[in-house]
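Q: Could you work out the structure for the sequence below:
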Amino acid sequence: MDQKRETIVEMDKEIAKIYTASCKVARSLKKAGFKPVKESMEGWWFLINIKELCDNEEVTS
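A: Numbering: from 1, shown residues only. Here you go, the predicted structure:
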C-alpha cells in the first residue's frame, strides 16, 4: 500500500525549518548536501539557510 508522507516547511527571513516523513524528500535534501539535525523512525528534521536553499541547483532544478 502506498502511503502519503507529510512534509512541513516553516520559513522566516533566514531559516527554513523542514520536517518530513518522506524518504524521497529527505533523500533529495541529503543529495543536495543538506544534513538533518535530527532523525527518528518517524522522520527527518532539517534547518536550512534560505539563501543556501535558493542557491542550490540540486533543489531548484
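Q: Could you measure from residue 22 over to residue 55?
A: 23 Å (Cβ to Cβ, to the nearest Å). Yep, even glycine has a C-beta here, placed from its N, CA and C like the rest.
Q: make that residue 46, sorry
A: Residue 46 is 16 Å from residue 55, by Cβ to Cβ.
Q: who's more crowded, those two?
A: residue 46 (20 against 10; other Cβ atoms under 10 Å).
Q: That one: what's its closest spatial neighbour, skipping adjacent residues?
A: Nearest residue to residue 46, sequence neighbours excluded (Cβ to Cβ, 6 or more residues apart in numbering): residue 18, at 4.3 Å.
Q: Just the helices from the protein, written as ranges.
A: 23-31, 50-55, 57-60 (DSSP state H).
Q: Quick one, grab the pLDDT at the closest residue to residue 58 other than its chain neighbours.
A: Leaving aside its chain neighbours, residue 58 sits nearest to residue 32 (3.6 Å; criterion: Cβ to Cβ, 6+ apart). pLDDT for residue 32: 90.
Q: Give me the neighbour count for residue 32.
A: 16.
Q: gap between residue 23 and residue 31?
A: 12 Å.
Q: likewise residue 48?
A: 14 Å.
Q: In terms of neighbours, single out the busier of the two.
A: residue 48 (23 against 10).
Q: dump the residue contacts of the more buried one.
A: Contact partners of residue 48, counting by Cβ atoms under 8 Å, 6 or more residues apart in numbering, are 15-16, 18, 29, 34.
Q: now do residue 13
A: Contacts of residue 13 by Cβ under 8 Å, 6+ apart are residue 50.
Q: Now it: phi and psi?
A: Torsion angles at residue 13 (phi, psi; degrees, to the nearest 10) stand at phi -70, psi -30.
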